[in-house]
Every structure is written in structure tokens, then in C-alpha cells.
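below: sequence and its predicted model.
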Amino acid sequence: MKIERVILRRLRMDLVRPFTTSLGTERDREFIVVEIQNDAGISGWAESVTCADPYYNEETVKTNWHIMEEFLIPILQREQLEHPDDVSRLFSHIRRNNMAKAALEGAIWDLYAKENKMSLASALGGVKKEIEVGVSIGIQDSTDDLLGKVEQGLSDGYRRIKIKIKPGWDVEVVRSVRKEFPSIPLMVDANSAYTLKDIDHLARLDEFSLMMIEQPLAHDDVIDHATLQARMQTPICLDESIHSLEDARKAIQLGSAKIINMKIGRVGGLTEAKKIHDLCESHGVPMWCGGMLESGIGRAHNIAITSLSNFTLPGDTAASSNYWFADIITPEVTVNKGIIRVPEDVGIGYHPDLKKMKTVTLEEKEFTFDRTFQI
Ligand SMILES: O=C(O)CCC(=O)C1=CC=C[C@@H](O)[C@@H]1C(=O)O
Ligand SMILES: [Mg+2]
């Protein structure tokens, strides 16, 4: 692969509605779109899914830009790539900063798939032609508002409903949803809002036949989650705690979770995501693809990884219109009866809309790779 230039664009887009979790409220989304061009002028695309604030994890848009500019792009300038799998190895001596790494690696994967005239899904070993998706509903002002949102999600056809919980907005809220919708596929996500002191309280969620409880305890924990899982019937799903294949191995070995949420950015890219997928599959641990309120570019990557065989549960990849007044890809991601068709076109299978992107771009920088000056 011959990379000629990397272009970073920092964008900001308003969300169609605020999204509240135990971590806070997002009203808009600032993010970096990465374009990597080869010597034939073909572009690969990806986005950094980090938030502007270091609340979900330690990264921010600013730290991602810094790490890419000062450390990761210079590595790509120096080294020759044979395959996208090389990228995670070349980045491995830089600790964490997984979302920055994943953004560059993802654009290289898209470029590789385009160079080889295949879809990103098939380049990754995907087998599914369509994927099932659910919707993630933030914390609302009232239970009635939440019931309305659940109703909307169901009538939009989503295959499962995820609701965010936090102390004071949990057992009784779930009871109300269950009373109104006794048999829908329902799950909750706590974004690390609890500790083991809450073990008895959390165990009360067992009475609602939830598909799972996502990340109830600390973002960096796999030990206490094992204690909680031993106490609860409801499967625990880990999100924030899984940054790597090693984390997944330890969580499975300890029995910290029965389900794993995959976010490509959180684990440092598609190569690591595939390894975690294979490990989970070999241990019979089902997976689904999480979301980070991505634009269509990140959403396209999520669709591609979800086409792998062990993504057996509906993910958080809702339609573009669930997030954006207008997305930056054509066509936008649409969901029909809770199903997204995996694109068969080359690469990510959606076209970044440069004109639309320009209207929401705050900053842009180009890095050219002049290999004739390399030593
Ligand atoms: O619809 C989506 O993209 C999923 C939204 C969502 O649940 C999340 C987005 C961003 C950070 C987290 O709060 C989070 C999650 O924990 O899965
Ligand atoms: Mg989560």
C-alpha cells in the first residue's frame, strides 16, 4: 500500500436530540474524520469516535489530533505497509490512545478494501448480508417521556431497546417499561455508575428478564464484575472495561461478563476487533456492536464489523436520522424493520459527502508523504 497523504478534518454536528447517560449530556458531537489517499488517488475513510470530553474514556478530540499528528502519522510516513494488520503492530509501542489509532487504521482498512475491489465487510471476513440493530435511549426527564421513546423505537422497528440507567433512575424505571412492554427485548446500560456496594440493589433487576446489564461497575474493572455476575442471573455485558484482546481474555477467564460489546475505537481498531471477535466466538461469548453517536462514516465501519459471524445480538447502529439532521455520507444509513443491509460496494460502501462535510468542518490539515526524501 502506498500512502500519499493523510487529511484530518475536525467537524462539529448538532444531534437531533440531546443524549443523556450517567456520564452527562451530549448535545452535539465534535469528531475527527480521517481521509487517507494512496498514489492512485483512492481515499480510505474513518472517524475518531472519541468525545470532546474525557468522560467515556480518557481520550478527547484534542488529544486524538495531537497523538495522530505528533506520533501516529509520522509512523505511517516512515513505514511501508503490506496489509492493514501491520498498523496495530506499528502503533503498539504507543500506549492506549486507542480511538486515535483506530481512526487511522480504519481509513487504511477502507483504502485496502477499495484497492482490492472488495467491501470492507468481506475484507474483514464478514459473512452476514444483513445485520439486526437496536436503539439506545438516553436518560429522560420523566418515565412518561421514556415510555414514549420506547414506543417510538419499537414502531421504528428496532430489534431491541437499550435504556440508560443510573442510581435513582433504575429499578422503578425498568419496572414501568416492563409493565408497559412485557416481552420486548430490553437491556440497560449503566456506564459504570455503580459499585459492589450496590450489589443487592442491582440484583433486583433480575426480575425483569433483561437481555443484559451493560457495564454496571467501574470502567477499569473485571474483578468486581465477576463477583456481581456470580450473584446475578441477568448476563453482564462489558463495554468500557474491554480495550484489548488481553482484557477480553481476562474477563472471559474470570467470568466477569457473558456478553461483550465491541466498539472498534475503544479496542484500537479493526485488527484487534477481529481478534476479540474470534476469541469470543471460540468461548461461546456472544457479541454486539456498540455505538459512539458516530457520523455515517463510523457507522459504516460498525456495519462492516457487525457482518462477522459472532455478532449475534442486535447492536446500537441505529439509522443516521436517529442522530443527525443530515448525515455526511450518501446514501444515509437506513434501517428497515430493524435490519441494515450490509453494503456490497467497495470499501465502506457509503460515499463521504465532501460538500456537506465542508459546512461542518472547523479545522483541516493535510500531511503529505514524500517518500523520495526518506532515508
Ligand atoms: O446510539 C449509539 O451510538 C450508542 C450511544 C451510547 O449508548 C453511547 C454513546 C457514547 C458513549 C456512551 O455513553 C455510550 C455507551 O455506553 O454505549
Ligand atoms: Mg455502553
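Thanks, I have the structure now. Ligands and ions are numbered 1, 2, ... in the order given.

tell me where the model's unsure across this structure.
Scanning the chain for pLDDT under 70 picks out 371-375.

interface residues of it facing ligand 2?
Selection of the chain residues close to ligand 2 by Cβ under 5 Å from the ion yields 189, 214, 239. (C-beta placed from N, C-alpha, C; glycine too.)

cutoff 6 Å now
Residues of the chain found near ligand 2, taking Cβ under 6 Å from the ion as the criterion, are 189, 191, 214, 215, 239, 290.

tell me the most packed of those residues, by neighbour count.
In terms of neighbours by other Cβ atoms under 10 Å, these top out with residue 214 at 28 neighbours.

how near is that residue to residue 241?
Distance of residue 214 to residue 241, given as Cβ to Cβ, to the nearest Å: 11 Å.

hmm, back to that, how about JSON lines for the residues of the chain next to ligand 2, with secondary structure added?
Output for those, formatted as JSON lines (DSSP: H, G, I helix; E, B strand; the rest coil):
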{"residue": "189", "secondary structure": "strand"}
{"residue": "191", "secondary structure": "coil"}
{"residue": "214", "secondary structure": "strand"}
{"residue": "215", "secondary structure": "coil"}
{"residue": "239", "secondary structure": "coil"}
{"residue": "290", "secondary structure": "coil"}
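
go back to those residues and keep what's next to ligand 1.
Contacts with ligand 1 within those, counted by Cβ under 6 Å from any ligand atom: 189, 191, 239, 290.

for the first one, which non-adjacent residue is spatially closest?
Leaving aside its chain neighbours, residue 189 sits nearest to residue 214 (3.9 Å; criterion: Cβ to Cβ, 6 or more residues apart in numbering).

surely the one you found meets residue 239?
Yes - judged on Cβ atoms under 8 Å, residue 214 makes contact with residue 239 at a distance of 5.5 Å.

overlap in contacts, the two.
189, 191, 261 (Cβ atoms under 8 Å, 6 or more residues apart in numbering).

just give me the closest of those to ligand 2.
Closest approach between the shared contacts of residue 214 and residue 239 and ligand 2, by Cβ to the ion: residue 189, at 4.4 Å.

quick one: contacts for the closest one?
Contact analysis of residue 189 by Cβ under 8 Å, 6+ apart lists 21, 136, 162, 163, 164, 165, 213, 214, 215, 239.

what's across from it in the sheet?
On the basis of DSSP bridges, residue 189 is bridged to residue 164, residue 214.

in this protein, where's the longest strand?
Secondary structure of the chain per DSSP state E: the longest strand is strand 3-21.

ok, and what's touching stretch 347-355?
33, 35, 43-45, 110-111, 113-114, 119-121, 296-297, 300-301, 303-304, 327-331, 333, 342-343.

export that stretch to CSV, keeping only CA atoms.
Extracted C-alpha coordinates of stretch 347-355, given in CSV (Å, rounded to 0.1, in the frame of the first residue of the first chain):
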residue,chain,number,x,y,z
GLY,A,347,-14.8,-0.3,1.0
ILE,A,348,-17.2,1.1,3.5
GLY,A,349,-19.9,1.2,0.8
TYR,A,350,-21.1,4.7,1.5
HIS,A,351,-19.8,7.9,-0.1
PRO,A,352,-18.5,10.7,2.2
ASP,A,353,-20.2,13.9,1.1
LEU,A,354,-17.4,16.5,0.9
LYS,A,355,-19.8,19.4,0.3
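
for whichever residue of the chain sits closest to ligand 2, list the residues it contacts.
Per Cβ to the ion, residue 239 is where the chain lies closest to ligand 2, at 3.6 Å. For residue 239, the contact set (Cβ under 8 Å, 6+ apart) comprises 189, 191, 214, 215, 261, 263, 266, 290.

with distance to residue 201 added, can I get the residues you listed in CSV?
Listed next are the contacts of residue 239 as CSV, based on distance: Cβ to Cβ, whole Å:
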residue, distance to residue 201
189, 16
191, 16
214, 16
215, 16
261, 22
263, 27
266, 27
290, 25
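
and the furthest pair within those residues?
Pairwise distances across those (Cβ to Cβ) peak at 14.0 Å, for the pair 189 and 266.
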